[in-house]
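test case, fold it:
(chains A and B)
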Amino acid sequence: MINNPTQRAVAIVAAALLGMGAAWLTAPRERSAAAELPRVTTASAPDRAASAGAPPPRTRKDAAPPARVRARPATVDAANRATERAVAPTRVSVPSVGISMPVRPVGVDRAGLMALPESAYTAGWYRFGRGPLDRSGSTVVAGHVDTPEEGVGPLARLASVRVGAEVRLRAGGRPVTYRVVSVERVAKSVLDLPRLFARGGPARLQLVTCGGDYLPDRGGYQDNVVVTARRVG
Amino acid sequence: MRKLLTLAAAGTVAVGLAAPAYAADDAHVSVLHGVPDAVVDVYVNGDALLSDFEPGTLTDPVALPGGDYDLKVVAAGDGADGDAIMEANGVTVPAGANITVVAHLDEGGAPTLTPFVNDTSAIAAGEARLTVRHTAAAPAVDVRAGGDPVFTDLSNPNEASADIPAGTVSADVVLAGTEDVAIGPADLTLAEGVHTVVYAWGSAEDGNLDLAVQTISGSHSSPGGVPGGTGGQLTGSGPALWWLALGALLAGGAAALTLRPQRQRVS
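Next comes the predicted model:
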């Protein structure tokens, strides 16, 4: 019936658009990949142990003063040397959804939120937390899903990442490999930040961007899309 | 004099009683040796806690149940019954508190023990906590960072503290109200979420003033959130765009083709 490839393409696109238009009309909130993710209302299980970084409390018996306590030089140099400094990741890639973007270190903005690079095509690594080469804790890499100037950026595709997908960071001149264990959409108001930014627990990567409804009067996007990946290599 | 200082020290510890959050937990006690030239042993309630303890060294934290403790410092090898170089009896260690007991010289140069309570309350994301303690046989001092006074007129055995942005500062110690440098400058790394405690110790008269540094981690906080998007385009900027898309669709297939990027955007 439709022989011309262009016509066929037009028809397919038209049908898709019509279908989605209808979907939007009937279910106006389900109109982005992020929105199709189930919204998590409580912290999920995958690495709840992460927040239990502290050793169990000692019993009274153990607490008796040991006869030999270690003492170390308390010099300025010794203290400076002991300062942990994580190795920064320089690139993040998620091959299954075609994400490959540079990463630069970021801190905290004036509002106390994680500071992000202005561009949606550069991700930020939370430099006060853990890094890819640390043996424990969360490496947090986040970026804007879109900006007014650039439109929608690569991180919009985080919402379509599948469990089991590979994620790679480049750090210290070598690749560090992770496997996705969960993809969640969580309301910003209930996001478990101490868990997301945990400095203890298993070594893992948290990829974060925005999703859900965009309400300019209420701080923009209402949800975060959080991909959790365990380090495998 | 020593008694007076011990009482002052007890007052310092009593501050910790106002922090009941850890009521059931052990206290964590570190010991800093800030008396020049004396190698000592430390006894707690008559039990050996530390042997051959050298000046300028700091112990790892020791977990102790809350309670009253008798502390005694003797010359190394003198035993529990040896003559006390320093002694503090009935020192109250509140349960759950984080305490550093400092063996140091008072302003006049006599050895003394001062327990300080370390503030372990949460530090805001991006910040570091700096505390400076004057435990040297020296007059009042100002502490400067990058040449600017941050703590002024600090005298033995007092402390001053502030939460400041994490980073490296060039710190020095000057005689209060002067430009006369007594210690430093030294580059000091103030790590995020870490409480860095700097002690001025030694004796001005003997020319051996120095800095000792203790770091206490575990008080860090998470950022308040991840902002994540500024465009509002992911969800199509509201209904208008969609009506436009449907309108274009009805107008003709060619228009739909040009809108194809929209499809990728939302699927």
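
neighbours around residue B:47, how many?
Counted by other C-beta atoms under 10 Å in any protein chain shown, the residues lying close to residue B:47 total 12. C-beta coordinates here come from the backbone N, C-alpha and C atoms, glycine included.

tell me the bridge partners for it.
residue B:44 (DSSP bridges).

equivalent analysis for residue B:200, please.
Assigned bridge partners for residue B:200, using DSSP bridges, are residue B:134, residue B:211.

show me what contacts it?
B:132-136, B:138, B:141, B:173, B:182-183, B:209-211 (C-beta atoms under 8 Å, 6 or more residues apart in numbering or on different chains).

now it: how far from residue A:100?
Noted for residue B:200: a distance of 52 Å to residue A:100, by C-beta to C-beta, to the nearest Å.

could you do residue B:214 as well?
44 Å.

what does residue B:77 give?
Residue B:77 is 65 Å from residue A:100, by C-beta to C-beta.

same question for residue A:175.
12 Å.

from the contacts of residue B:200, which would you call buried?
B:132-136, B:138, B:141, B:173, B:182-183, B:209-211 (16 or more other C-beta atoms under 10 Å in any protein chain shown).

of all those residues, which two lie farthest apart?
B:133 and B:182 (14.6 Å; C-beta to C-beta).

grab the longest strand from chain A for me.
strand A:174-187 (DSSP state E).

ends of stretch B:136-144, how far apart?
17 Å (C-alpha to C-alpha, to the nearest Å).

what pLDDT, on average, does it get?
Computed over stretch B:136-144, the mean pLDDT rounds to 97.

try stretch B:148-165
96.

now check it, is it near chain A?
No - contact of stretch B:148-165 with chain A is not found when judged by C-beta under 8 Å from any C-beta of the partner chain; the minimum separation is 8.8 Å.

close to chain A: what parts of the stretch 1-150 of chain B are there?
Counting by C-beta under 8 Å from any C-beta, the stretch 1-150 of chain B sits next to chain A at B:25-26, B:31-33, B:44, B:47-51, B:53-54, B:56-60, B:62-65, B:124-126.

from those residues, which would you call buried?
Using 16+ other C-beta under 10 Å, the buried ones in the residues of the stretch 1-150 of chain B next to chain A are B:26, B:31-33, B:44, B:48-50, B:53, B:56-59, B:62-64, B:124-126.

among those residues, which lie within strands?
B:31-33, B:44, B:48-50, B:53, B:57-59, B:62-64.

in the sheet, who's paired with the most centrally placed residue in chain B?
Among the residues of chain B, the one closest to the centroid is residue B:195, at 2.3 Å (C-alpha atoms, centre = their mean). Beta bridges link residue B:195 to residue B:129, residue B:216, judged by DSSP bridges.

that older thread, make JSON lines from the ones in strands among the buried ones among the residues of the stretch 1-150 of chain B next to chain A and add pLDDT to it.
Formatted as JSON lines, those follow (pLDDT from 0 to 100):
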{"residue": "B:31", "pLDDT": "97"}
{"residue": "B:32", "pLDDT": "98"}
{"residue": "B:33", "pLDDT": "98"}
{"residue": "B:44", "pLDDT": "94"}
{"residue": "B:48", "pLDDT": "93"}
{"residue": "B:49", "pLDDT": "92"}
{"residue": "B:50", "pLDDT": "93"}
{"residue": "B:53", "pLDDT": "96"}
{"residue": "B:57", "pLDDT": "97"}
{"residue": "B:58", "pLDDT": "97"}
{"residue": "B:59", "pLDDT": "96"}
{"residue": "B:62", "pLDDT": "92"}
{"residue": "B:63", "pLDDT": "92"}
{"residue": "B:64", "pLDDT": "91"}
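
out of the residues you listed, who's nearest residue A:96?
Among these, and counting by C-beta to C-beta, the member closest to residue A:96 is residue B:63, at 47.9 Å.

phi, psi for the residue lying closest to the closest one once chain neighbours are set aside please.
Sequence neighbours aside, residue B:26 is the residue nearest to residue B:63 in space, at 4.2 Å (criterion: C-beta to C-beta, 6 or more residues apart in numbering or on different chains). Torsion angles at residue B:26 (phi, psi; degrees, to the nearest 10) stand at phi -70, psi 160.
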